[in-house]
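Asker: A structural model of the following input is requested.
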Amino acid sequence: MGVDKARVEKKEYEKEEKVEESKVKRKKGKEEEQRGVRLAWFTFDPSTAHRDIVLSNENQTVSCNSYDDRVGTHYWEVSIDRYDNHPDPAFGVARINTMKDMMLGKDDKAWAMYVDNNRSWFMHNNSHTNR
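Answerer: As a prediction, this is how the structure comes out:
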């Protein structure tokens, strides 16, 4: 992507929902149910984005217009300041053609990190590591 770090700044939930010390913003209208799991879609804050980053898809998609696709190591930092132990959070990155009807990381086009109150583990191509 050409940018080593994407920052998501502290934002309050829109409408009436608020989370203390949240580092992400959730639009209430973007909530949906999938297989009984409550999903919340998170957005990047355009006021803190690097000048080479282009946000699209209602600030949910990040691209970089000043660099071609790059190889190498890239990382994102995610902070959770409040965790109620249920449901357990999961984070991941995926190619556009990843399987959307299964758990993230089950196919070879997505990488995911799952966290519970005792451990964390990674999944890619249906293989668990560091469990």
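
Asker: what residue ranges in the chain score low on pLDDT?
Answerer: Across the chain, residues meeting the criterion (pLDDT under 70) sit at 1-41, 67-70, 74-83, 85-86, 131.

Asker: again, only this time at 50
Answerer: Counting by pLDDT under 50, the low-confidence segments of the chain come to 1-37.

Asker: Strands along that one, start to end?
Answerer: Assigned by DSSP state E, the chain shows strands spanning 25-26, 32-34, 37-39, 42-43, 53-56, 61-64, 90-94, 110-115, 120-124, 127-129.

Asker: Would you reformat those as TSV and include distance to residue 71 and mean neighbour count?
Answerer: All C-beta atoms are positioned from the backbone trio N, CA, C, and that covers glycine. Below are these laid out as TSV (distance: least, CB to CB, whole Å; neighbours: other CB atoms under 10 Å):
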stretch	distance to residue 71	mean neighbour count
strand 25-26	31	20
strand 32-34	32	9
strand 37-39	31	10
strand 42-43	26	18
strand 53-56	19	14
strand 61-64	14	15
strand 90-94	15	15
strand 110-115	15	18
strand 120-124	17	16
strand 127-129	21	10
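
Asker: could those go into JSON lines alongside distance to residue 73?
Answerer: Below are those laid out as JSON lines (distance: least, CB to CB, whole Å):
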{"stretch": "strand 25-26", "distance to residue 73": "27"}
{"stretch": "strand 32-34", "distance to residue 73": "31"}
{"stretch": "strand 37-39", "distance to residue 73": "29"}
{"stretch": "strand 42-43", "distance to residue 73": "23"}
{"stretch": "strand 53-56", "distance to residue 73": "18"}
{"stretch": "strand 61-64", "distance to residue 73": "15"}
{"stretch": "strand 90-94", "distance to residue 73": "13"}
{"stretch": "strand 110-115", "distance to residue 73": "13"}
{"stretch": "strand 120-124", "distance to residue 73": "15"}
{"stretch": "strand 127-129", "distance to residue 73": "17"}
